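K.L.:
what follows is a predicted structure for the sequence shown.
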Amino acid sequence: MRLAASSIILSMKKESSIDFIERKGYSQHRKNYLATTNYSKIITKKTDVTMKNFYIILIMSLSLSACISNKTQPEDKRVENLLSQMTLREKVAQLNLITALDDFNKPKEDVIEKVKNGEVGHILKSNGVKTNRQLQEIAVNESRLGIPILFHEDVIHGYKTTFPGPMAEAASWNLERIEQTAAVAAKEASASGIQLTYAPMVDITRDPRWGRIVEGAGEDPYLASLIAEARVKGFQGNNLADSTTLMACVKHFLGYGDATGGVDYNIGDFSEREIRELLKQQLMPALAV
């Protein structure tokens with residue numbers, strides 16, 4: 001499963017999870033903890049999803065189902081009604097992110113059965129509106145509760161139309177054009193049945209040996225924060241109800257991009273002050289959109 005940092009904002013705002021997710025559209029699939037080793041050092045670690053994050057993900061998925069059923073009731077009430085009908089197994093299944101296609105780009109038989117049984121909440125790497133519509137119709141019409149699936153993809157620098165990589169775009173300093181390229185990518189990906197993209201990446205370049213720096217905007221935190229904001233606006237537009245938009249998933253874990261020795265998924269060692277500065281510089285501008 002992928003990550004986003006929307007829980008940081010959720011803890012600061014006086015609004016319901018449904019209101020936040022409907023208004024912002026952020027997707028959060030897992031969370032890391034900061035394990036304090038002493039008073040001066042914090043080491044980032046990848047851990048399991050907390051119950052709070054579980055409900056964020058669950059409510060996001062269920063809100064889609066609530067939107068298409070019993071529209072005479074407020075959305076919060078519809079979601080509560082749906083939750084009350086769900087078994088624990090069905091709730092956990094809404095966290096299940098899988099790949100669904102075989103070598104011939106067709107849905108696997110076991111995946112179809114899982115969708116029918118309500119055992120899939122999210123599907124990754126399933127591109128094409130025909131295939132995704134087939135899976136979505138099974139989810140909505142043949143599963144017990146009819147909860148729709150969220151389709152994810154890495155839409156990093158264009159979809160059908162290929163744009164320069166994020167670091168190359170950052171070199172242009174053209175925020176308007178960067179927002180436009182994200183909007184074009186969203187329009188093309190959504191037309192292919194995708195609803196959520198794993199972008200923008202907001203990790204600041206600190207070690208060029210880390211190969212994923214190409215997904216970010218370079219070493220300047222201020223420029224990178226502006227570019228992240230532009231990408232979120234481009235992907236999500238002014239209204240996520242617009243069928244040509246995508247939900248943006250700001251990534252990665254705070255400090256993930258400063259892996260020791262430039263080795264992907266390695267540990268990162270930070271002072272508490274530094275981790276707070278990273279939070280302010282990297283994540284807050286994109287999450288505030």
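P.N.:
Ah, there it is. What you see is a predicted model; the values in this text were computed from it and never measured.

K.L.:
so Leu155 touches Thr245, yeah?
P.N.:
For residue 155 the amino acid is Val, not Leu. No: the pair formed by Val155 and Thr245 falls short of the contact definition of C-beta atoms under 8 Å, at 11.8 Å. Backbone N, C-alpha and C define where each C-beta goes, glycine included.

K.L.:
shaky segments in the stretch 101-250 of the chain?
P.N.:
For the stretch 101-250 of the chain, not a single residue meets the criterion pLDDT under 70.

K.L.:
cutoff 80 now
P.N.:
Applying pLDDT under 80 to the stretch 101-250 of the chain flags the ranges 104.

K.L.:
what residue is smack in the middle of the protein?
P.N.:
Per C-alpha atoms, centre = their mean, the C-alpha nearest to the average position across the chain is that of Cys249, at 3.0 Å.

K.L.:
isn't there a helix covering Ala241?
P.N.:
No: residue assignment for Ala241, taken from DSSP: H, G, I helix; E, B strand; the rest coil, gives coil, which places it outside any helix.

K.L.:
how about the contacts made by it?
P.N.:
Applying C-beta atoms under 8 Å, 6 or more residues apart in numbering to Ala241 gives no contacts.

K.L.:
distance-wise, check it relative to Gln195.
P.N.:
Here Ala241 is placed at a distance of 12 Å from Gln195 (C-beta to C-beta, to the nearest Å).

K.L.:
could you pull out the strands for the stretch 1-150 of the chain?
P.N.:
All strands of the stretch 1-150 of the chain, identified by DSSP state E, counting those that start in this stretch, fall at 32-36, 41-46, 97-99, 122-124, 150-153.

K.L.:
typo on my end, it should be the stretch 151-289 of the chain
P.N.:
Assigned by DSSP E, counting those that start in this stretch, the strands in the stretch 151-289 of the chain fall at 196-197, 247-248, 269-271.

K.L.:
what packs against the longest one?
P.N.:
It stands for strand 269-271. Using 3 or more C-beta pairs under 8 Å, 6 or more residues apart in numbering; DSSP states H and E as the contact test, the elements touching strand 269-271 are strand 41-46.

K.L.:
the same query, at a cut-off of 10 Å, please.
P.N.:
If you count contacts as 3 or more C-beta pairs under 10 Å, 6 or more residues apart in numbering; DSSP states H and E, strand 269-271 packs onto strand 41-46, helix 272-278.

K.L.:
just the first one next, same as before
P.N.:
Using 3+ C-beta pairs under 10 Å, 6+ apart as the contact criterion, the neighbours of strand 196-197 among helices and strands are strand 150-153, helix 175-191, helix 221-236, strand 247-248.

K.L.:
among those, which is nearest Ile213?
P.N.:
Closest of the helices and strands packed on strand 196-197 to Ile213 is helix 221-236, at 11.0 Å (criterion: C-beta to C-beta).

K.L.:
quick one: buried residues of the closest one?
P.N.:
Neighbour counts over helix 221-236 (16 or more other C-beta atoms under 10 Å) mark 221, 223-236 as buried.

K.L.:
try stretch 155-167
P.N.:
The neighbour-count criterion (16+ other C-beta under 10 Å) identifies Val155, Ile156, His157, Gly158, Tyr159, Phe163, Pro166, Met167 as the buried residues of stretch 155-167.

K.L.:
what does stretch 94-113 give?
P.N.:
Counting neighbours by 16+ other C-beta under 10 Å, one finds that the buried residues in stretch 94-113 are Gln94, Leu95, Leu97, Ile98, Ala100, Leu101, Pro107, Val111, Ile112.

K.L.:
verify the contact between the last one and Glu142 for me.
P.N.:
Yep, that's Ile112 we're talking about. Yes: if you go by C-beta atoms under 10 Å, Ile112 and Glu142 touch, sitting 9.3 Å apart.

K.L.:
now that we have the helices and strands packed on strand 196-197, can you turn them into CSV and tack on distance to Phe270?
P.N.:
Conversion of the helices and strands packed on strand 196-197 to CSV gives the following (distance: least, C-beta to C-beta, whole Å):
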stretch, distance to Phe270
strand 150-153, 29
helix 175-191, 28
helix 221-236, 14
strand 247-248, 25
